[in-house]
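Q: Give me coordinates for this.
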Amino acid sequence: MSKVIIKHKNGWSCTMSSEIKMEVYKKDGDFKKRHIAILSNVFDTKGKIETGYDVDMIVREGAERKYYRASILAMTRSGIIKIHLISGGTEEGYNEVLNEIKGGI
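A: From the prediction side, this is the model:
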């Protein structure tokens, strides 16, 4: 499990990542692939998470730290969030986003 912080347009939220995987979907009659993350256990939040918007997401798993640009695809009533990982997966940008969030807390 990884600790995930999402910086969205209304604030930020902390969750746990249960899995990151490749998903196949159909768009305009063509099959395409995308990397998605399924997030659960939202345990702290500031502002409402809304679907359809791009967000900054930072992930910490042990000593490993990664930054992603992502889009929120869906959110269930129980708080499970499905996110499309658009770009990133690098350490670059992690501290910048973390400092923005800390300044907003």
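
Q: and stretch 7-23, average pLDDT?
A: If you average the pLDDT over stretch 7-23, you get 83.

Q: which parts of it are buried?
A: Within stretch 7-23, the residues that count as buried by 16 or more other CB atoms under 10 Å are K7, H8, W12, S13, C14, T15, S17, I20. Backbone N, C-alpha and C define where each C-beta goes, glycine included.

Q: So of these, which two are at opposite extremes in space?
A: Greatest spatial distance in these: W12 and I20, 19.9 Å, computed using CB to CB.

Q: Spell out the residue ranges of the strands in this protein.
A: Under the criterion DSSP state E, the chain carries strands at the ranges 2-8, 11-27, 30-46, 54-61, 64-75, 81-90.

Q: The second one packs against which elements?
A: Judged by 3 or more CB pairs under 8 Å, 6 or more residues apart in numbering; DSSP states H and E, the packing partners of strand 11-27 are strand 2-8, strand 30-46, helix 94-104.

Q: closest to D44 among the buried residues of stretch 7-23?
A: Out of the buried residues of stretch 7-23, the member with the shortest distance to D44 (by CB to CB) is C14, at 4.3 Å.

Q: doesn't S40 make contact with the closest one?
A: No: using CB atoms under 8 Å, C14 is not in contact with S40; the gap is 11.7 Å.

Q: Quick check: the spatially most central residue of the chain vs K27, distance?
A: The centre of the chain sits closest to M57, judged by CA atoms, centre = their mean, with a distance of 4.5 Å. For M57, the distance to K27 equals 23 Å [CB to CB, to the nearest Å].

Q: again with K7
A: 27 Å.

Q: just F43 next, same as before
A: Counting by CB to CB, the gap from F43 to K27 is 33 Å.

Q: And S78, by the same measure?
A: Distance from S78 to K27, by CB to CB: 27 Å.

Q: any low-confidence regions in the chain?
A: 18, 104-105 (pLDDT under 70).

Q: in it, what residue sits furthest out from the centroid?
A: Most distant from the centre of the chain: G29, at 27.4 Å, with distances by CA atoms, centre = their mean.
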